[in-house]
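Chemist: Dropping a prediction and its sequence here:
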Amino acid sequence: MVREAVNALPLEGCGLLVGEPAGNRVLRFEPITNEAASERMFRLDAMQYLSAGMQAEAEGLDIIGVMHSHPLTSAVPSDHDTTTATGHLISATWHWVIVSLAGPVPVVRSYRRGGPGLVEEPLRLVEHRP
């Protein structure tokens, strides 16, 4: 996820978290093109999203979240993030991971819907080398 965020600079990078249905463990990260092509917001490419969802389903897995980066700001949901996260029924149980590249070291935080907005949740990162 961090590599995808860095590779997307100066724009926001994004992708999907694939895991077991109703699970909290991410088994795979699928980078997705940011159709917004912006350094302040993201919009997942619809065809890539559909393809990733179909592949996950074929493997008995599910899309359980989304990652996007904040190249210029902290790993805290923006107003746009909160509106996006709380405005889609499909995302009600998703993990919303934000990778901040605003400082010298990337910061990764995860959130879930709670109350009127997003609430931070514990996160355990595991390094993956393909």
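Modeler: Happy to help now that I have it.
Chemist: which stretches of this structure aren't confidently modelled?
Modeler: Within the chain, the stretches with pLDDT under 70 are 87-91, 128-130.
Chemist: residue ranges of the helices in it, please?
Modeler: Per DSSP state H, the chain has helices spanning 2-8, 46-58, 79-86. These are given in chain order.
Chemist: Single out the most deeply packed of the ones you listed.
Modeler: helix 2-8 (a mean of 18; mean count of other C-beta atoms under 10 Å). All C-beta atoms are positioned from the backbone trio N, CA, C, and that covers glycine.
Chemist: neighbouring contacts of that helix?
Modeler: Residues from elsewhere that reach helix 2-8, judged by C-beta atoms under 8 Å, 6 or more residues apart in numbering: 13-15, 29, 31, 34, 67, 69, 71, 99, 101, 106, 108.
Chemist: If you rank the residues you listed by neighbours, which is first?
Modeler: Using other C-beta atoms under 10 Å as the neighbour criterion, Ser69 leads the contacts of helix 2-8 with 31 neighbours.
Chemist: got the contact list for it?
Modeler: For Ser69, the contacting residues are Glu4, Ala5, Ala8, Glu12, Gly13, Cys14, Ile98, Val99, Ser100, Leu101, by C-beta under 8 Å, 6+ apart.
Chemist: Check the gap between the closest residue to it other than its chain neighbours and His95 for me.
Modeler: Leaving aside its chain neighbours, Ser69 sits nearest to Ala5 (3.6 Å; criterion: C-beta to C-beta, 6 or more residues apart in numbering). When C-beta to C-beta, to the nearest Å is the yardstick, Ala5 and His95 sit 16 Å from each other.
Chemist: Spatially central residue for this structure, please.
Modeler: Within the chain, the residue whose C-alpha comes closest to the C-alpha centroid is Met67; the distance, by C-alpha atoms, centre = their mean, is 1.3 Å.
Chemist: Quick check: chain neighbours aside, which residue is closest to Gly15?
Modeler: Pro31 (4.3 Å).
Chemist: Take the contacts of helix 2-8 and keep only those in strands.
Modeler: Secondary structure from DSSP state E places Cys14, Gly15, Phe29, Pro31, Met67, Ser69, Val99, Val108 of the contacts of helix 2-8 in strands.
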